[in-house]
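# model this:
(one chain, ligands or ions: 1)
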Amino acid sequence: MSALTRRGFLGALGATALAAAGCAEISGELLRSRLALPRPFTVPLPIPEVARPVRPGRYEVTQRVARIEIIPGTTTEVLGYGGTFPGPTFDLRRGSRVTVAVRNELSVPTSTHLHGGVTPPGSDGYPADLVASGGGTKDYDYPLEQRAATLWYHDHRMDFTGPQVWRGLAGMALVRDEEEDALPLPRGERELPLMICDRAFDEDGSFRYPSPPGGGNHTGHKGHTGHMAAVDGDYMEGVEGDVILVNGAPWPVAEVTATRYRLRLLNASNARRYRLRLAPGGRFTQIGSDSGLLAAPVAHDELPISPGERYDVVVDFSAYPVGGAVTLVNTLADGPARNVMRFVVARRAADDTAVPAVLSRPPGRVPPVTTRLFDFRRSAEGVWTINGHPYRPGVPLARPRLGTAEVWRLSSDFHHPVHVHLAHFLVLARNGRAPAASDAGWKDTVDVRPYEVVDVLARFDGHRGRYMLHCHNLEHEDMAMMADFEVI
Ligand SMILES: [Cu+2]
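Next up, the predicted model:
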């Protein structure tokens, strides 16, 4: 009951008190590592392997346990797509349908969600649509009738997404198209997928995760919500680690030339939010949002990024002296977690790239047919709910019509990064005022902050059937902050 008491105390504080306490930007509870943290900027930035089809249009990937070196001098057991963490990067093309056959050789069931995908409901990674442990298989069908964008994939097992993603079940997927091909953007070695997440480690190098006693797997106790508790109640706000990984490496360093680079930024953390800046200064030129290229670039000094969100940015390293270091930092954190990674500008090089003033022609706004309210809130019983309900599989909270758009008004008592499956949306307003510069473009995840009301215009295109919306703080998600909707 201590967790409820503590949450009761926090819940009794208003937004002003939270801000005064200096914790208004923090969305989780810090779990510390029990080993000496590695020195930052010593491990080279890894680039995940690109997945190769077994034949055109068909990939086969096995989820299996592997032991890899994350913290130098120790090894960590991971649950990996292909036995790697991150999993392989899928390099895909708009309109080129693929099947990904997933084989689960783990000891736990899984469900794989392509985050940002316009995917038929049977392949969308519904949390109860499980691939059995010990050799179960499933063919996921991805038509990819969608614009070029930075997507990712991860486990979505009901009640256990937090621990299973923490242990490694995540990777990136890039969709490309002719509109993007025609742009003179950096590519090849100058296009870097950067999957950012935090973790905590035990003395022996294994991942630490605060599973409850007797819980953490099939033996978890079902509470009054009917959901099993995968995380200890003291961590119901979310689990934050003290080691920042980029592409699975702690505080890595990447050597770059003094040219433009395209960085595909993904926050794959369970609960940690970041406000990214370049030190000693510099700008991110944003070219894309979660769901594709922007109409025109937007310059940012800093980028807030909540779990599940992506930013597609260009950084021009010719603005820095050769030999200099450019550090990607998170200004929301203090101590070691303030650092994310470092770039070292090694030498000059030719650069024929550019960021054009016109990038793409995204779909326009269509008039909404209705407005719906979704309130993300902790209940008096200490459960994360949407519109007062913990997750009820098979009970849709909305039935939008295919081909229409709706305004979804998202309100919140805490930090809730709200993710909608299938539908992409534009942020219309925050608390009735203009959205932030970082809200630009079509998205599938939006950072709803404490006591904020965010209006989004969502388009329901592509497929009919059962989908979901949920909080992408994975501990909130596991503690039932999800709901179905059905496109009719
Ligand atoms: Cu949440």
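
# what does the stretch 301-450 of the chain have sitting close to the ion?
Neighbours of the ion within the stretch 301-450 of the chain, by CB under 5 Å from the ion: residue 416. Just so you know, the C-beta spots here come from the backbone N, C-alpha and C atoms, and that holds for glycine as well.

# can you give me the strands in the stretch 301-450 of the chain?
Along the stretch 301-450 of the chain, counting by DSSP state E, counting those that start in this stretch, strands occupy 302-305, 310-316, 325-330, 339-347, 371-378, 384-386, 405-412, 416-420, 424-430, 445-448.

# so of those strands, which one's packed in deepest?
Ranked by mean neighbour count, these are led by strand 416-420 with a mean of 27 (mean count of other CB atoms under 10 Å).

# centre of the chain to that strand, how far?
Remark: strand 416-420 is offset 10 Å from the chain centroid, using CA atoms, centre = their mean, to the nearest Å.

# now the strands of the stretch 301-450 of the chain as TSV including mean pLDDT?
Below are the strands of the stretch 301-450 of the chain laid out as TSV (pLDDT from 0 to 100):
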stretch	mean pLDDT
strand 302-305	98
strand 310-316	98
strand 325-330	98
strand 339-347	98
strand 371-378	97
strand 384-386	96
strand 405-412	98
strand 416-420	97
strand 424-430	98
strand 445-448	97
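
# now those as a markdown table including distance to residue 127?
As requested, these are arranged in a markdown table below (distance: least, CB to CB, whole Å):
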| stretch | distance to residue 127 |
| --- | --- |
| strand 302-305 | 24 |
| strand 310-316 | 22 |
| strand 325-330 | 29 |
| strand 339-347 | 30 |
| strand 371-378 | 17 |
| strand 384-386 | 14 |
| strand 405-412 | 20 |
| strand 416-420 | 13 |
| strand 424-430 | 21 |
| strand 445-448 | 17 |
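
# and for the residue of the stretch 51-200 of the chain found nearest the ion, nearest residue in space, chain neighbours not counted?
Closest residue of the stretch 51-200 of the chain to the ion, CB to the ion: residue 162 (11.5 Å). Nearest residue to residue 162 in three dimensions, chain neighbours excluded: residue 474, at 3.8 Å (CB to CB, 6 or more residues apart in numbering).

# how about residue 160?
Using CB to CB, 6+ apart, the closest residue to residue 160 is residue 230 (4.7 Å).

# tell me which residue in the stretch 101-250 of the chain sits closest to the ion.
In the stretch 101-250 of the chain, the residue that lies nearest the ion is residue 238 (7.5 Å; CB to the ion).

# so who does that residue touch?
Residue 238 sits next to 27, 28, 29, 270, 271, 272, 473, 474, 475, 476 when contact means CB atoms under 8 Å, 6 or more residues apart in numbering.

# hmm, back to that, in which helix or strand would I find the residue of the stretch 51-200 of the chain closest to the ion?
Using DSSP states H and E, residue 162 falls within helix 161-166.

# next structured bit after that helix?
strand 170-176.

# hmm, back to that, surely the residue of the stretch 51-200 of the chain closest to the ion meets residue 239?
Yes - using CB atoms under 8 Å, residue 162 is in contact with residue 239, at 6.7 Å.

# what about the strands in the stretch 101-250 of the chain?
112-115, 136-142, 149-155, 170-176, 191-201, 207-208, 239-241, 243-246, 249-250.

# what residues does the fourth one touch?
The reference is to strand 170-176. In contact with strand 170-176 (CB under 8 Å, 6+ apart) are residues 48, 81, 84-94, 114, 117, 144, 146-155, 193, 195, 197, 264, 266, 268.

# that older thread, now the strands of the stretch 101-250 of the chain in JSON lines, with mean pLDDT?
Output for those, formatted as JSON lines (pLDDT from 0 to 100):
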{"stretch": "strand 112-115", "mean pLDDT": "98"}
{"stretch": "strand 136-142", "mean pLDDT": "98"}
{"stretch": "strand 149-155", "mean pLDDT": "98"}
{"stretch": "strand 170-176", "mean pLDDT": "98"}
{"stretch": "strand 191-201", "mean pLDDT": "98"}
{"stretch": "strand 207-208", "mean pLDDT": "97"}
{"stretch": "strand 239-241", "mean pLDDT": "97"}
{"stretch": "strand 243-246", "mean pLDDT": "98"}
{"stretch": "strand 249-250", "mean pLDDT": "98"}
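
# of all those strands, which lies closest to residue 361?
Proximity to residue 361 (CB to CB) singles out strand 149-155 among these, at 14.5 Å.

# name the strands paired with that closest one and say parallel or antiparallel.
Strand 149-155 has its sheet partners listed here by DSSP bridges as strand 112-115 (antiparallel), strand 170-176 (antiparallel).

# those strands into CSV, with extra columns for distance to the ion and mean neighbour count?
Converted to CSV, those look like this (distance: least, CB to the ion, whole Å; neighbours: other CB atoms under 10 Å):
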stretch, distance to the ion, mean neighbour count
strand 112-115, 16, 25
strand 170-176, 18, 24
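
# quick check: residue 484 vs residue 97, distance?
Look at residue 484 and residue 97: by CB to CB, to the nearest Å, they are 26 Å apart.

# quick revisit: what about the contacts of residue 238, which are in helices?
In helices, defined here by DSSP state H, the members of the contacts of residue 238 are 474, 475, 476.

# so who does the last one touch?
I take that to be residue 476. By CB under 8 Å, 6+ apart, the neighbours of residue 476 are 236, 238, 271, 384, 416.

# residue 341 against residue 328, yeah?
Yes - using CB under 8 Å, residue 341 is in contact with residue 328, at 5.1 Å.

# the residue most central in space within the chain and residue 430, how far apart?
The chain has residue 308 as the residue nearest its centroid, 2.0 Å off, counting by CA atoms, centre = their mean. For residue 308, the distance to residue 430 equals 18 Å [CB to CB].

# where does pLDDT dip in this structure?
Scanning the chain with the threshold set as pLDDT under 70 gives 1-24, 214-225.

# now do 80
1-27, 213-229 (pLDDT under 80).

# quick one: the helices in the chain?
According to DSSP H, the helices that the chain contains are 2-12, 15-20, 161-166, 178-181, 474-478.
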